[in-house]
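Enquirer: quick one: sequence plus predicted model below, questions after.
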Amino acid sequence: MASDSDRGNLWSKITKFFSGKNADHVEQAIIEASQDGELEADEGSMLLSILRMDDLQVQEIMTPRTDITAVEETCTVAEAIEAIVESGHSRIPIYRENRDNIVGVLYAKDLLEEAIAPDNHQKPVSGIMRPAFFVPETKNVLELLNEFKSKKNHMAVILDEYGGTSGLVTIEDVLEEIVGDIEDEHDAPKEADIVALEGGQAFLSGRAYLEDINAELGTSLASEEVETIGGLLSHIAGCLPGPGDEFVLGELHFKVKEADNKHVHKVLVSNLPPRKSENHADAGSE
Ligand code: ADP
């Protein structure tokens, strides 16, 4: 966790960079400060992520309906325990007849109490569910974060414009937008989106944002149409690039290392500009 002195240090850097700048220039100031090594790369990424959240709707970060683990209200305590153990999630929505009609949320901790009394195992879960918290797909992510804080309820069921279930969002999904992926006990380990290597090279995940790449690697990638490197290479190719495909953008050379028929997973970028803060970064834990 950041200490008070770390926080004070970051705050003084932020006030220094933003003083006298209007909102339009804040993003550029963060990118420049990161490129100059005056902000740490992860500080720059977090600040850019917070700015991005101003325009971010919950539908862009939700777990989609098709991936939701949910059980019907007539399901027994024993069946619900099985669903929770199998999915690894600690809260699951409860529906009536179909998933468009969510009527509550079941918490694993409430099930524990029932689980210790075998007589309760055949009871329907409808007796122990809690109310669901519904929000529309178009809700702003920062507003949802505030509601999560004030309601002390950290899961929202996302509704489409017709009142059907579109997905769900938990506080973890919101925090991941700021700090990057948070690995749970049941998550498979994930690689960082940007991994700088020796000799002016870096591995990028296809979902790495152009802004973050610019901030961390000192590049100037830009696009009106797309936000990620996978999107940019697909846009240039006019189709989804496959492993081995190569691209030259200015001085930079990109080679797709891993891709499937839906996503670019891993890209090697070479010929990166030397970083002004290279000595500083080398002295760190990289
Ligand atoms: P948990 O630890 O119970 O999985 P988190 O709040 O840590 O809950 O969420 C981790 C990820 O799992 C998030 O992306 C969230 O949207 C997703 N998630 C949480 N509960 C469910 C569920 N019942 N079905 C599908 N995805 C879920």
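Expert: Received it, and whenever you're ready, just let me know what you need.

Enquirer: do you have the helices of this protein handy? List them.
Expert: Taking DSSP state H as the criterion, the chain carries its helices at 4-18, 23-35, 41-52, 77-87, 108-115, 141-151, 171-179, 210-217, 229-237, 278-282.

Enquirer: relative to residue 121, which of those helices is closest?
Expert: helix 77-87 (4.2 Å; CB to CB). No exception for glycine: its C-beta is placed from N, CA and C like everyone else's.

Enquirer: buried ones in that closest one, by neighbour count?
Expert: Buried residues in helix 77-87, defined by neighbour count with 16 or more other CB atoms under 10 Å: 77, 78, 79, 80, 81, 83, 84.

Enquirer: what does the average pLDDT come to for it?
Expert: Per-residue pLDDT over helix 77-87 has a mean of 94.

Enquirer: any residues of the stretch 101-250 of the chain in contact with the ligand? List them.
Expert: 168, 169, 170, 172, 173, 184 (CB under 6 Å from any ligand atom).

Enquirer: mind giving me the domain ranges of the protein?
Expert: 4-55, 60-179, 194-270 (automatic domain parsing).

Enquirer: in the stretch 101-250 of the chain, which spans are strands?
Expert: 134-136, 155-159, 165-170, 194-196, 202-205, 246-249 (DSSP state E, counting those that start in this stretch).

Enquirer: now the ones you listed as CSV including distance to residue 143, mean pLDDT and mean neighbour count?
Expert: Formatted as CSV, the strands of the stretch 101-250 of the chain follow (distance: least, CB to CB, whole Å; pLDDT from 0 to 100; neighbours: other CB atoms under 10 Å):
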stretch, distance to residue 143, mean pLDDT, mean neighbour count
strand 134-136, 9, 96, 15
strand 155-159, 11, 97, 23
strand 165-170, 12, 96, 23
strand 194-196, 29, 91, 18
strand 202-205, 29, 95, 21
strand 246-249, 37, 95, 13
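
Enquirer: that older thread, which one among the buried residues of helix 77-87 gets closest to residue 48?
Expert: residue 84 (36.1 Å).

Enquirer: now do that closest one against the ligand, distance only.
Expert: 8 Å (CB to the nearest ligand atom, to the nearest Å).

Enquirer: relative to residue 107, how far out is that residue?
Expert: For residue 84, the distance to residue 107 (CB to CB, to the nearest Å) stands at 9 Å.

Enquirer: joint contacts of these two?
Expert: Shared contacts of residue 84 and residue 107 (CB atoms under 8 Å, 6 or more residues apart in numbering): residue 90.

Enquirer: how close does residue 114 sit to the ligand?
Expert: Going from residue 114 to the ligand by CB to the nearest ligand atom gives 18 Å.

Enquirer: isn't that residue up against residue 122?
Expert: No. Judged on CB atoms under 8 Å, residue 114 makes no contact with residue 122 at a distance of 10.3 Å.

Enquirer: quick check: neighbours shared by those two?
Expert: residue 77.

Enquirer: of those two, which one has the most company?
Expert: Under the criterion of other CB atoms under 10 Å, the comparison of residue 114 against residue 122 puts residue 114 first, with 20 against 10.

Enquirer: give me every residue that touches that one.
Expert: 77, 120, 121, 123, 128.

Enquirer: next up, the contacts around the residue nearest to the fourth one when sequence neighbours are not counted.
Expert: Closest residue to residue 123 apart from its sequence neighbours, by CB to CB, 6 or more residues apart in numbering: residue 77 at 5.3 Å. For residue 77, the contacting residues are 111, 114, 115, 120, 121, 122, 123, 124, 125, 128, by CB under 8 Å, 6+ apart.
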